[in-house]
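Engineer: Output the structure for:
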Amino acid sequence: MTILIDKNTTGGLMTKKVRIAIAGLGNCASSLIQGLEYYKNADEKDFIPGIMHVKFGDYHLSDVEVVSAFEVNTKKIGKDISEAIWQSPNLSKKFSDVPHKGVTVLPAPIMDGVAPHMKESFHCYDPTQMEPVNVADVLKESGVDVLINFLPVGSETGAQMYAQACLDTNVAFANGIPAFIASNKEWGQKFTDKNIPVAGDDIKSQLGATILHRMLVSLAHERGIKLDETFQLNIGGNTDFENMKKEYRLTTKRISKTEAVTSMIPYEVPTRIGPSDYVPFLEDEKICYLWLKGKNFGEQPLSVQLKLSVQDSPNSAGVMIDVVRSLKIAKDRNIGGPLVGVSSYFFKHPPKQIHDAEAVRLVEQFIKGEITN
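Structural biologist: Reported below is the predicted structural model:
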């Protein structure tokens, strides 16, 4: 099989495009690629659900283009990304036709991205029959500005490998999973030392379980409610939930989601937050159950029970489009290291937890160039 690589390099110069690579061409990547096509002709004044601005700084949504993609799935490797996003086990809803893009999916290093129980579901290639590409070489040859990490939850070593490839090639890193890179002091310092921007970790959805839980907890605290306990249970039918059937795969996921919520209150509360079960027939639908229990004036009991249902993958795709444009702006301005405001607003486990109302203000200031990170 012949693998083609887009060799339209930028030579390190500032370009009008935001050239992205994607590690893990799953459901989130499918929704992102569909969205780029669906909204490519949007007017700058249009309201587009899921993104902050059609034109984010200097970059219109249509300026974002995928130039490289990495996968371990034999049904996707060797295909154009326009075909690969519809291959099994992808099942995100189709909302846009994607024409041929001339970007061939490349075999990625397997590492810890494929748990033993996921080899069949991911149609993982046989490493004795196929060799992975050198990620750093591809990033360099493709002139990538930003690499998105959409690997499965639990891919600690894989996330670090892609982060290092970015450090070696002056490529910004958007870490969409709960493997701690931007929020890790050692890794954050590596990006600072190389003057390369990084944002993460663990993407927040447009309106998902974590952001909704944060808002409820914050509202309760600000209105003087003393919380006694809270939980968040999530079920879904995509491979993200299948992957997280094994508790060892979601250790950092529980940390990420829990800290995102508990950081909103200044005292400890008994909490249980995280994925709960895999229900195949739900496909890409995610259902979240939230519970808060506390006391108001006179020590009287109060409880909140809430159910959220949402298509999981589109819920974060638009958010990531804003993230990659933030990182390209940082590159243009010669800003390196973790982007604090951007990470806090768009990710569950940022270097610093900031209230969402403040974080969005920091992002707007960053876009205008009023602050550096």
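Engineer: which residues of the stretch 251-373 of the chain fall in helices?
Structural biologist: Using DSSP state H, counting those that start in this stretch, the helices of the stretch 251-373 of the chain run over residues 251-262, 314-332, 340-346, 356-368.
Engineer: Just send these back as CSV, with mean neighbour count and distance to Val103 too.
Structural biologist: The way it works is simple: take the backbone N, C-alpha and C, and place the C-beta from them, glycine included. CSV is the format used below for the helices of the stretch 251-373 of the chain (neighbours: other Cβ atoms under 10 Å; distance: least, Cβ to Cβ, whole Å):
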stretch, mean neighbour count, distance to Val103
helix 251-262, 21, 30
helix 314-332, 24, 16
helix 340-346, 26, 25
helix 356-368, 16, 28
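Engineer: Next, format those helices as TSV and append mean pLDDT.
Structural biologist: Below are these laid out as TSV (pLDDT from 0 to 100):
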stretch	mean pLDDT
helix 251-262	94
helix 314-332	97
helix 340-346	97
helix 356-368	96
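Engineer: Quick one, which of those gets closest to Lys94.
Structural biologist: Ranking the helices of the stretch 251-373 of the chain by proximity to Lys94 (Cβ to Cβ) places helix 314-332 first, at 10.7 Å.
Engineer: Restricting to C-alpha, output that closest one in CSV.
Structural biologist: These are the backbone C-alpha positions of helix 314-332, laid out as CSV (Å, rounded to 0.1, in the frame of the first residue of the first chain):
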residue,chain,number,x,y,z
PRO,A,314,-20.5,17.2,17.9
ASN,A,315,-20.7,18.6,21.4
SER,A,316,-17.0,19.1,21.6
ALA,A,317,-16.0,19.4,17.9
GLY,A,318,-16.8,23.2,17.7
VAL,A,319,-14.9,23.8,20.9
MET,A,320,-11.8,22.2,19.5
ILE,A,321,-12.0,24.4,16.3
ASP,A,322,-11.8,27.4,18.6
VAL,A,323,-8.9,25.8,20.5
VAL,A,324,-6.8,25.3,17.4
ARG,A,325,-7.4,28.8,16.3
SER,A,326,-6.3,30.1,19.7
LEU,A,327,-3.1,28.0,19.4
LYS,A,328,-2.4,29.4,15.9
ILE,A,329,-2.8,33.0,17.2
ALA,A,330,-0.3,32.2,19.9
LYS,A,331,2.2,30.8,17.3
ASP,A,332,1.7,34.0,15.2
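Engineer: Start and end of stretch 97-104, how far apart?
Structural biologist: Length of stretch 97-104, first residue to last, Cα to Cα, to the nearest Å: 18 Å.
Engineer: List the buried residues of that stretch.
Structural biologist: Neighbour-count burial for stretch 97-104 flags 98, 101, 103-104 (criterion: 16 or more other Cβ atoms under 10 Å).
Engineer: mean confidence for it?
Structural biologist: Mean pLDDT, computed over stretch 97-104, is 98.
Engineer: Quick one: distance of it to the chain centre.
Structural biologist: 22 Å (Cα atoms, centre = their mean, to the nearest Å).
Engineer: Stretch 30-43 now?
Structural biologist: On Cα atoms, centre = their mean, the centre of stretch 30-43 falls 17 Å from the chain's centre.
Engineer: if we look at that stretch, which residues are touching it?
Structural biologist: 22, 48, 50, 54, 60-62, 64-66, 81-82, 85-86, 90, 92-99, 148, 313-314, 316-318, 320-321 (Cβ atoms under 8 Å, 6 or more residues apart in numbering).
Engineer: Figure out the helix or strand that Val67 lives in.
Structural biologist: Remark: Val67 resides in strand 64-71, with elements defined by DSSP states H and E.
Engineer: got the angle for that strand vs helix 314-332?
Structural biologist: 110 degrees (axes from the mean of the first three to the mean of the last three Cα atoms, to 10 degrees).
Engineer: What pairs with strand 64-71, parallel or antiparallel?
Structural biologist: Counting by DSSP bridges, the strands paired with strand 64-71 are strand 18-23 (parallel), strand 105-107 (parallel).
Engineer: The next helix or strand after the last one: which residues count as buried?
Structural biologist: Helices and strands here follow DSSP H and E; after strand 105-107, the next one along the chain is helix 135-142. Burial within helix 135-142, assessed by neighbour count using 16+ other Cβ under 10 Å, is assigned to 135-136, 138-142.
Engineer: Quick check: the residue nearest to Ala209 when sequence neighbours are not counted vs Leu216, distance?
Structural biologist: Of all residues not flanking Ala209 in the chain, Cys288 sits nearest, at 3.8 Å (Cβ to Cβ, 6 or more residues apart in numbering). Distance, Cys288 to Leu216, by Cβ to Cβ, to the nearest Å: 12 Å.
Engineer: Repeat that for Pro280.
Structural biologist: 29 Å.
Engineer: Off-centre distance for stretch 301-319?
Structural biologist: The offset between the C-alpha centroid of stretch 301-319 and the centroid of the whole chain comes to 16 Å, using Cα atoms, centre = their mean.
Engineer: Stretch 273-293 too?
Structural biologist: On the basis of Cα atoms, centre = their mean, stretch 273-293 sits 18 Å off its chain's mean C-alpha point.
Engineer: rewinding a little: just tell me which of the strands paired with strand 64-71 ends up closest to Gly274.
Structural biologist: Short answer: strand 18-23, nearest of the strands paired with strand 64-71 by Cβ to Cβ, at 23.4 Å.
Engineer: Helix or strand next in line after that closest one, which one?
Structural biologist: Where DSSP H and E defines the elements, the next helix or strand beyond strand 18-23 is helix 27-38.
Engineer: and after that following helix, which helix or strand comes next?
Structural biologist: Next element after helix 27-38 (DSSP H and E): strand 55-56.
Engineer: Check which strands are paired with that next one and give the direction for each one.
Structural biologist: strand 59-60 (antiparallel).
Engineer: next one: the partner strand to chain centre, how far?
Structural biologist: That offset, for strand 59-60, works out to 20 Å (Cα atoms, centre = their mean).
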